[in-house]
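[1] Based on what follows, work out the 3D shape:
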Amino acid sequence: MAKVGKRLSAAYTTVDRNKFYTLADAVGAVKASAKAKFDETVEISLNLGVDPRHADQMVRGVIELPHGTGKTVRVAVFAKADKAEEARKAGADIVGAEDLAEKIQGGFMDFDRCIATPDMMGVVGRLGKILGPRNLMPNPKLGTVTPNVTEAVRAAKAGQVQFRVEKAGIVHAGVGKASFDADKLVENIKAFVDAIQKAKPTGAKGTYLKKVSLSSTMGVGIKLDISSLTA
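    Here you go, the predicted model:
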């Protein structure tokens with residue numbers, strides 16, 4: 001059995017592991033237990049009633065949280081000429097074309113979001129085996145393959161969150177920082193859950209939103225009363 005540290009042991013004493021907390025109470029408990037020396041991320045985990053091995057049960061999308069994530073996002077953009085300059089002016093951290101593809105193939109991965117103009121997808125497509133498993137592959141459905149690089153970079157920097165269900169039917173996401181005001185965290189969480197609800201696939205049967213829990217980076221998971229998420 002893995003050894004539990006003192007900080008996590010203390011957190012366990014403040015949380016009833018069998019209780020389903022209202023959203024407001026869960027946010028309060030997460031903030032109170034976030035005692036690390038850094039500003040911990042508040043993370044949400046949702047168990048969905050889907051089997052993503054079937055195409056009609058895939059849950060994927062993007063949501064721009066009302067109050068951002070509090071995370072500094074490094075953005076890479078595949079673009080040329082005027083669009084490359086537009087991306088730089090918009091605040092992109094890395095801009096390139098074939099040269100950027102070569103860097104990524106060589107192991108460079110110092111970015112959190114990847115955007116591409118449509119004409120660059122022939123180059124980006126060769127990176128599928130590298131970017132795909134990291135959920136970084138540009139996708140028109142997520143707004144990351146677009147001629148409007150200014151808006152795409154702005155959205156990424158502002159706290160846009162991409163989500164994709166994992167094999168076990170679980171979606172994870174960071175929805176803010178422990179230093180955020182409680183009401184801002186509540187609004188972010190409700191916006192994220194609403195996006196998940198709207199992304200319900202046609203093939204989903206039975207209960208869609210099965211379990212939801214909240215935690216901080218170093219904290220213990222807190223079960224949420226699902227009804228309080230939509231109240």
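[2] can you confirm Gly28 is in a helix?
    Yes. Judged by DSSP: H, G, I helix; E, B strand; the rest coil, Gly28 forms part of a helix.
[3] can you pull the pLDDT of Lys6?
    You'll see Lys6 listed with a pLDDT of 57.
[4] Revised request: answer the last question for Ala2.
    At Ala2, the model reports a pLDDT of 49.
[5] And for His172?
    With respect to pLDDT, His172 scores 93.
[6] Pretty sure it sits in a strand.
    Yes. Assessed with three-state DSSP, His172 lies in a strand.
[7] How much space separates it from Val212?
    Here His172 is placed at a distance of 11 Å from Val212 (CB to CB, to the nearest Å). C-beta coordinates here come from the backbone N, C-alpha and C atoms, glycine included.
[8] For these two, indicate the residue with more neighbours.
    Just comparing His172 and Val212: by other CB atoms under 10 Å the higher neighbour count belongs to Val212, 24 against 12.
[9] Give me the three-state assignment for that one.
    What three-state DSSP gives for Val212 is strand.
[10] how far away is it from Tyr21?
    From Val212 across to Tyr21, the span is 10 Å (CB to CB).
[11] Now for the two: what residues contact both?
    Counting by CB atoms under 8 Å, 6 or more residues apart in numbering, the residues touching both Val212 and Tyr21 are Lys223, Leu224.
[12] beta partners of Leu224?
    With DSSP bridges as the criterion, Leu224 is bridged to Tyr21.
[13] tell me the contacts of it?
    Phe20, Tyr21, Thr22, Leu23, Ala26, Val212, Ser213, Leu214 are the contacts of Leu224 under CB under 8 Å, 6+ apart.
[14] at 7 Å instead, please
    Phe20, Tyr21, Leu23, Ala26, Val212, Ser213, Leu214 (CB atoms under 7 Å, 6 or more residues apart in numbering).
[15] Which one (most neighbours) among these?
    Tallying neighbours with other CB under 10 Å puts Ala26 at the head of those, with 29 neighbours.
[16] Check the residue lying farthest from the centre of the chain and give its pLDDT.
    The C-alpha centroid of the chain is most remote from Ala81, which lies 30.6 Å away (CA atoms, centre = their mean). Predicted confidence (pLDDT) for Ala81: 95.
[17] So what does it have for phi and psi?
    Dihedral angles of Ala81 (phi, psi; degrees, to the nearest 10) stand at phi 50, psi -130.
[18] shaky segments in this structure?
    For the chain, the stretches with pLDDT under 70 are 1-14, 231.
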